[in-house]
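> Model the structure of this input:
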Amino acid sequence: MEVVELHGIVEGSGEELVLLHPVGLDSSFWGAMPAMLAHSHRVLRLDLRGFGGSPLGAGAVPIEAYAADVRQSIRRHGLRRPAVLGLSFGGMVAQTLALEHPESVSRLILCGCPGGIPAEAREALRERGAAAERDGMESIVALTIERWFTPGFVDNPVVERVRARLRSNTVRAWAEGWRAISGFDALPRLGTLDVPTLVVAGAQDAATSPAASAALAAAIPGARRAVLPGAPHMMQLETSGLFTETVGDFLAGRPVGAA
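Prediction:
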């Protein structure tokens with residue numbers, strides 16, 4: 001399997017933490033969280049293949065290849081066994097990393113993501129990539145923003161940054177990301193995980209249902225689940241303070257909000 005060398009940014013010192021972003025974004029879309037956690041952690045923010053400063057590989061790949069890229073980056077940056085936080089697509093990559101390379105993960109924080117894509121939903125997800133292939137990246141921006149944020153937040157300047165990031169992506173990176181997502185199915189294997197896990201759900205998430213989030217938490221032995229009031233799919237941007245507090249509490253071993 002071809003491995004791509006990912007662009008990454010390291011900040012801070014202390015316990016190790018890797019951040020994996022949603023499809024279509026990059027490592028700059030975490031709000032204030034990286035700088036805040038860098039006071040107590042060595043934070044590695046990665047651009048997944050095809051996004052930000054990371055190249056695409058030779059062709060479309062399954063989600064296991066995205067996880068292999070992350071594993072290589074963990075090693076290249078000298079991290080030993082970090083906590084891994086992934087949001088949306090990044091959360092699916094984080095699950096796959098923990099399953100395929102358990103020596104690379106000490107804790108999991110899985111945000112706004114399911115444990116698998118039902119067979120009946122796969123074609124619709126592939127269509128999100130196909131739409132851009134037919135009509136360009138501009139054609140997917142409005143519906144993506146609608147899924148990701150609440151109506152009252154869409155005029156915030158950070159959402160304009162998201163729009164610009166979506167428009168600047170290559171069609172191929174976007175489409176290949178959605179093809180990888182459409183084939184994701186970790187649920188049957190999640191019972192084998194043996195790492196402390198927090199599942200974070202947004203109460204207003206229009207992209208990952210509460211039932212999918214609850215099923216993910218139920219599938220991982222000992223997993224805790226926190227539901228953030230008012231949070232949409234892009235919880236790290238729209239509800240940045242609450243999101244950072246929840247993640248920080250889990251990493252510090254403090255109680256976190258329960259569903």
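> Show me where this protein has its helices.
33-37, 63-76, 89-100, 122-135, 138-148, 157-168, 171-182, 210-219, 235-238, 240-252 (DSSP state H).
> Pull the third one out as CSV, backbone CA atoms only.
If I follow you right, that is helix 89-100. Extracted C-alpha coordinates of helix 89-100, given in CSV (Å, rounded to 0.1, in the frame of the first residue of the first chain):
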residue,chain,number,x,y,z
PHE,A,89,-13.7,11.7,8.3
GLY,A,90,-10.7,12.2,10.7
GLY,A,91,-12.7,10.2,13.3
MET,A,92,-13.1,7.3,10.9
VAL,A,93,-9.4,7.4,10.1
ALA,A,94,-8.7,7.4,13.8
GLN,A,95,-10.8,4.3,14.4
THR,A,96,-9.1,2.6,11.5
LEU,A,97,-5.6,3.5,12.8
ALA,A,98,-6.5,2.1,16.2
LEU,A,99,-7.7,-1.2,14.7
GLU,A,100,-4.9,-1.6,12.1
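> tell me what that helix is packed against?
strand 15-20, helix 63-76, strand 83-87, strand 107-111, helix 171-182 (3 or more CB pairs under 8 Å, 6 or more residues apart in numbering; DSSP states H and E). The way it works is simple: take the backbone N, C-alpha and C, and place the C-beta from them, glycine included.
> returning to that earlier point: next, format the helices of the chain as a markdown table and append distance to residue 7 and mean neighbour count.
Formatted as a markdown table, those follow (distance: least, CB to CB, whole Å; neighbours: other CB atoms under 10 Å):
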| stretch | distance to residue 7 | mean neighbour count |
| --- | --- | --- |
| helix 33-37 | 15 | 19 |
| helix 63-76 | 9 | 21 |
| helix 89-100 | 15 | 25 |
| helix 122-135 | 22 | 16 |
| helix 138-148 | 23 | 16 |
| helix 157-168 | 14 | 14 |
| helix 171-182 | 13 | 21 |
| helix 210-219 | 28 | 18 |
| helix 235-238 | 19 | 26 |
| helix 240-252 | 22 | 19 |
